[in-house]
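Peer 1: With the sequence up front, the predicted model follows.
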Amino acid sequence: MIVYGRNPVRELLRGRRRHAVTHVVATESVSREPWLRAVPIELAAADAIERACGSSDHQGVCADAGPYPYAGAEEILAGPDSVIVALDELQDPHNLGAVARTAECAGASGVVICERRAAEVSPAVCKASAGAVEHLRIARVRNMVAFLERAQQVGFWCHGAASGGGVAYDAPDYSGGVVLVLGGEGRGLRRLVAERCDDLVSLPLMGQVGSLNVSAAAAVLMYEVLQQRARLDMET
């Protein structure tokens, strides 16, 4: 996999894939950045870098890091108080990258995506996440319903986000193990996935537009969990 862009490559060289990097190409000006000084670099013109990575958004640098190392679902479920974001057939790479960025910043334990009919971790996702995917565990599962069932078996509560859901987004107790489940663009949660959730939460919409972008909804929910846990820590 070719990772491109300054933030994605910088985080790649700081993250768990740093030893897998085989090749870094940069323009002469970018090669002088402090975070690139310890790495062998091939100098190239901007148009050559664009051809290498297939995008004009390279910001003067790209790196070859090999395949993305997905985590196992059981690995992500290992922490009893973990916050996990499960994405049901999310297809837009930019949305996946944005969710991953927020999840990493909010301290989530990982993100779970579908193996089929869904975006995977790609160069575009790495760029959209600003390199967050290099520090965040991401698992791919064949069956999202089965994953949620397994999460419930080991003590997690699964909260699905759905327009018109019967529970206000700030009403659940988000202590302990939590899985926030969000659906794909346009369709939302599939019926069986929604039925597997312990409850369906909704966000208030005060304007004329009928829904939030999935990455925005995910951010609101993740930070509600963070705020609830911060208040609980202060009280104890």
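Peer 2: Nice, I can see it. Numbering: from 1, shown residues only.
Peer 1: Can you pull up the most central residue in this structure?
Peer 2: Closest residue to the average C-alpha location of the chain: Ala100 at 1.9 Å, with C-alpha atoms, centre = their mean.
Peer 1: so who does that residue touch?
Peer 2: Val111, Val125, Ala128, Ser129, Ala132, Val133, Leu136, Ile138 (C-beta atoms under 8 Å, 6 or more residues apart in numbering). C-beta coordinates here come from the backbone N, C-alpha and C atoms, glycine included.
Peer 1: Likewise for Val220?
Peer 2: Here Val220 is in contact with Tyr169, Leu203, Leu212 (C-beta under 8 Å, 6+ apart).
Peer 1: Next, the residue nearest to the centre of the chain: secondary structure please.
Peer 2: On the three-state scheme (DSSP: H, G, I helix; E, B strand; the rest coil), Ala100 is labelled helix.
Peer 1: now swap in Met206 and tell me
Peer 2: coil.
Peer 1: roughly how far apart are it and Glu149?
Peer 2: Met206 sits 35 Å away from Glu149, going by C-beta to C-beta, to the nearest Å.
Peer 1: For the two, work out which one has more neighbours and name it.
Peer 2: Each of Met206 and Glu149 has its neighbours counted (other C-beta atoms under 10 Å); Glu149 has more, 12 against 5.
Peer 1: Helix, strand or coil: sort out that one for me.
Peer 2: Under three-state DSSP, Glu149 falls in the helix class.
Peer 1: and the longest helix for this structure?
Peer 2: helix 214-235 (DSSP state H).
Peer 1: buried residues in that helix?
Peer 2: Buried residues in helix 214-235, counted by 16 or more other C-beta atoms under 10 Å: Val214, Ser215, Ala217, Ala218, Ala219, Leu221, Met222, Glu224, Val225, Leu226, Gln228, Arg229.
Peer 1: Repeat that for stretch 194-203.
Peer 2: Using 16+ other C-beta under 10 Å as the burial criterion, the residues of stretch 194-203 that qualify are Ala194, Arg196, Cys197, Leu200, Val201, Ser202, Leu203.
Peer 1: What is the nearest of these to Gly184?
Peer 2: Closest approach to Gly184 among the buried residues of stretch 194-203 (C-beta to C-beta): Ala194, at 12.4 Å.
Peer 1: What sits closest to the closest one if chain neighbours are left out?
Peer 2: Spatially, and ignoring its direct neighbours in sequence, Ala194 is nearest to Gly160 (5.4 Å; C-beta to C-beta, 6 or more residues apart in numbering).
Peer 1: tally of neighbours for the nearest residue to Ser82 once chain neighbours are set aside?
Peer 2: Ranked by C-beta to C-beta, 6+ apart and with sequence neighbours excluded, the top spatial neighbour of Ser82 is Ser109, at 3.6 Å. When neighbours are defined as other C-beta under 10 Å, Ser109 has 21 of them.
Peer 1: go on, the one 3 residues further on?
Peer 2: Applying other C-beta under 10 Å, we find 24 other residues in the vicinity of Val112.
Peer 1: Now do the helices in the chain.
Peer 2: 6-14, 46-53, 73-76, 93-105, 123-128, 144-153, 191-196, 214-235.
Peer 1: Tell me which of these lies nearest to Ser82.
Peer 2: helix 73-76 (7.1 Å).
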